[in-house]
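J.: sequence and predicted structure are below.
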Amino acid sequence: MSDEAIDSTFSTGSAARVVHHDTQVINFGDRLFYRVTQAFALIVIFLALLLVFDLFRGAWEAIQTFGLKFLVGTTWDPVKREFSTLPTVIGTLVKAFIALLLAVPISIGSAVFISFYIPKWLRPIISYPIELLAGVPSIVFGLWGLFVMVPVIRTIQIWLKANFGWFFLFDGPAVYGVGVLSGSVILAIMIIPIITAISRDILLTVPSPQIEGMLALGATKWESIWQVALPYARVGLFGAVILGLGRAIGETMAVTMVGGNSFELIHSLFDPVHSMASQIASEFTEATYSLYVSSLIYVGLVLFGITIIISLCAQYLIWRLSKGHVAVFE
Amino acid sequence: MRVKKILLGFAMAVLSLSATQVLAAGCPTKGVKEMTGAGATFPYPLYSKMFSEYDKTCSVKVNYQSIGSGGGIRQLSEMTVDFGASDGIMDEKQKAAAKGGAVLHIPMVSGAVAVVFNLPSVNTSQLKLTPDVLADIYLKKITNWNDKRIAAANTGVKLPDLTVAVVHRSDGSGTTFIFTDYLAKVSSEWKEKVGSTTSVNWPGDVGGKGNEGVANSVKQIPGAIGYVEVAYAKQNNIPWAQMQNKTKKFLDPSLEGAAAAADIANLPDNMEVSITDSPNPSAYPISGFTWLLVYENQTDAAKGDAIANLAWWMLHDGQKYATPLDYAALKGVAVKKAEALTKKIKVNNQIVLK
């Protein structure tokens, strides 16, 4: 995916790229193609609207019963028919952001390495395993996480608690192994391939004269990457990170396997906690009465809302970034 | 030549005769070739085996979607499937919502839930738990394995000074239904504070997805306690505890124990009964039925006939597939009552099975 493609994903209104169809549609083939593509675009928009409508319709009973208290309450009790979602919202966001903290330096670092430090013929050989990793189904990550990663994390957690237990983040049930930290690490592993692959493609679009000019001025390779290539590509890189965040927030299976799935508010990195998507997937099959089902759909609606807010924030940031200095030599 | 022809005719007559006999044993008589059902995941391995055998015997395809008891009940209520399957009993609201009227709960098999643990130097069956101790562990009132109340039932067992980590299913499940139903029966505090259904507001600790998630957390966390289907504990060699039943006997979870739990004198005729904490002296206390849900009054004559015959077949010929797959076949009174329920299925007020 190119810089421009990423850019256009987020800023659809850019006038420069609009094709003036009314003057260019001349023959029948052109007109047909125009209509077909228009129909496809409308189908997508229609589907999105239908989804929102259906989410609202499904959640309506829960919205009427709990209102906005659903967002701030901390009880999830199918027996007493009391539902609210604050602990899972926090659990989801915390896990996703820790995953980003872990994944972004690794991904962009390896993308820089692949794009600028190794010979061209070697690139596919290094990139291929990363892209392969992106295609692994999440249940495989989940089972690997449960059987292999969690014991390792448990050992690390017990050590952290023994030595740094005075710090509130490490003052939790370290021995469980499953919890916020395990969930975050598995998410980080899952989003690294995506962020790396996109970042690499974006960095490869940085015009070489830009970097060569910098080198000619006497800069080191490091300086030219840090001061020219990365700023030049920052909008695209930011887009890559947002795509990673999106996957981290919506990820279901792997994070269910290692997240510990508790409905309590978290106090430390080691506490077990549910994610919204995993909660919906886990409970939907056995949700036996309509308010229960409706509450789960409400969780879905909240998740959808969070995704929209994040994407709007991202659009705003990208707009701010791209309005400023795109290239250093401007 | 003639002799040959006669022999051939005779052979064909025998063949067709035996064919009708085979068909008579629980096959649909009104030409239904396909049925759909949906529901519980717990009996799915058994049902898929039964239905594949049923297809061989009667050439009738039964398409069963194991979408969970909740989904099964919803689909039956909407009449989008011919039968439902559930590990729990439908409550009054669900019964009222069923569009096809009265729903029969026909029990098919029973199963047991094993309490598994991870304690250094304590082997399987060595740990003995009483109902109140188990309930208080899950209520987080007993938090250390060296608690006096655990020790009281375990003389001679060296219980370590170790924090109890409570593991439960995080996904809604029939296993959880049976387990919480048991806890609610033996502990009034559990009944009041937590209650019982396919997923509850757990007082503590770790939630694992599926049997494998619970089993793995228990295996990995020292001091953990959890609950899984008995087949899963057996196949994966996870140490289990002996549970004290209603007659104060300590028993290992077993199919015999689960079958005994269902074999009690005062079963209600509608079989809408949980058999946890059964009074039978050889009953394992955390046992439960899994039910086939069918409408008592069928609208379609052919479908009604097919459903009644299928249920009958599952209660008789189908039962032999239960034990190899670690389900407890019905015995004694339970079979009689289940048969009686199957004979209540009607089409236009005419009973299908005579």
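T.: Looks like it came in fine.
J.: whichever residue of the stretch 251-354 of chain B sits closest to chain A and residue B:71, how far apart?
T.: Nearest to chain A in the stretch 251-354 of chain B, going by C-beta to the nearest C-beta, is residue B:293, at a distance of 12.2 Å. The way it works is simple: take the backbone N, C-alpha and C, and place the C-beta from them, glycine included. With distances taken as C-beta to C-beta, to the nearest Å, residue B:293 is found 12 Å from residue B:71.
J.: do the same with residue B:263
T.: Distance from residue B:263 to residue B:71, by C-beta to C-beta: 30 Å.
J.: ok, those two, which is more surrounded?
T.: Higher neighbour count among residue B:263 and residue B:71: residue B:71, with 25 against 21, using other C-beta atoms under 10 Å in any protein chain shown.
J.: now the more buried one: which helix or strand?
T.: In this assignment (DSSP states H and E), residue B:71 forms part of helix B:69-77.
J.: give me the distance from that helix to the chain's centre.
T.: On the basis of C-alpha atoms, centre = their mean, to the nearest Å, helix B:69-77 is displaced by 16 Å from the centre of the chain it belongs to.
J.: report whether the helix or strand that it is followed by contacts chain A.
T.: Later in the chain than helix B:69-77, the nearest helix or strand by DSSP H and E is strand B:83-86. No - on the criterion C-beta under 8 Å from any C-beta of the partner chain, strand B:83-86 is out of touch with chain A, staying 8.6 Å away.
J.: now do the strand or helix carrying residue A:245, average pLDDT.
T.: Assigned by DSSP H and E, residue A:245 belongs to helix A:234-250. Mean pLDDT, computed over helix A:234-250, is 90.
J.: which other helices and strands does that helix contact?
T.: helix A:3-10, helix A:86-112, helix A:180-204, helix A:290-323 (3 or more C-beta pairs under 8 Å, 6 or more residues apart in numbering or on different chains; DSSP states H and E).
J.: which residues are in contact with that helix?
T.: Helix A:234-250 is contacted from outside by A:2-3, A:6-7, A:9-10, A:92-93, A:95-97, A:99-100, A:103-104, A:107-108, A:187, A:190-191, A:194-195, A:198-199, A:202-203, A:205, A:230, A:277, A:303, A:306-307, A:310-311, A:314, A:317-318, A:321-322, A:326, using C-beta atoms under 8 Å, 6 or more residues apart in numbering or on different chains.
J.: still on that earlier bit, any idea whether the residue of the stretch 251-354 of chain B closest to chain A is helix, strand or coil?
T.: strand (DSSP: H, G, I helix; E, B strand; the rest coil).
J.: could I get the contacting residues of the residue lying closest to residue B:348 once chain neighbours are set aside?
T.: Nearest non-adjacent residue to residue B:348, counting by C-beta to C-beta, 6 or more residues apart in numbering or on different chains: residue B:301, 7.3 Å away. Residues counted as contacts of residue B:301 (C-beta under 8 Å, 6+ apart) are B:30, B:347, B:348.
J.: redo that, cut-off 10 Å
T.: Going by C-beta atoms under 10 Å, 6 or more residues apart in numbering or on different chains, residue B:301 touches B:30, B:32, B:347, B:348, B:350, B:352.
J.: quick one: buried ones out of these?
T.: Buried by 16 or more other C-beta atoms under 10 Å in any protein chain shown: B:32, B:347, B:352, out of those.
J.: which of those residues fall in strands?
T.: Among those, DSSP state E puts residue B:347 in strands.
J.: quick check, nearest of the buried ones among the contacts of residue B:301 to residue A:49?
T.: Ranked by distance to residue A:49 (C-beta to C-beta), the buried ones among the contacts of residue B:301 are led by residue B:32 at 41.3 Å.
J.: hang on, that closest one packs against residue B:298?
T.: No - in this structure residue B:32 lies outside contact range of residue B:298 using C-beta atoms under 10 Å: 11.5 Å.
J.: hey, what's in contact with both of those two?
T.: By C-beta under 10 Å, 6+ apart, the residues touching both residue B:32 and residue B:298 are B:82, B:304, B:305, B:306, B:307.
J.: for the residues you listed, which one is nearest residue B:228?
T.: Nearest to residue B:228, judged by C-beta to C-beta, of the shared contacts of residue B:32 and residue B:298 is residue B:82 at 31.2 Å.
J.: the closest one: what's it in contact with?
T.: B:32, B:34-38, B:62-63, B:75-76, B:294-295, B:298, B:300, B:303-304, B:306-307, B:310.
J.: I'd guess residue B:227 is in a strand, am I close?
T.: Yes - under three-state DSSP, residue B:227 falls within a strand.
J.: please pick the buried ones from the shared contacts of residue B:32 and residue B:298.
T.: B:82, B:304, B:305, B:306, B:307.
J.: what is the burial count for residue 121?
T.: Since you didn't name a chain, this refers to chain A. 7.
J.: chain B is the one I meant
T.: 9.
J.: relative to residue B:281, how far out is it?
T.: 31 Å.
J.: and the residue of the stretch 1-150 of chain B that's closest to chain A?
T.: Closest to chain A within the stretch 1-150 of chain B is residue B:68: 2.8 Å, counting by C-beta to the nearest C-beta.
J.: the strands in the stretch 251-354 of chain B, which residues?
T.: Using DSSP state E, counting those that start in this stretch, the strands of the stretch 251-354 of chain B run over B:287-295, B:297-298, B:328-329, B:346-347, B:350-351.
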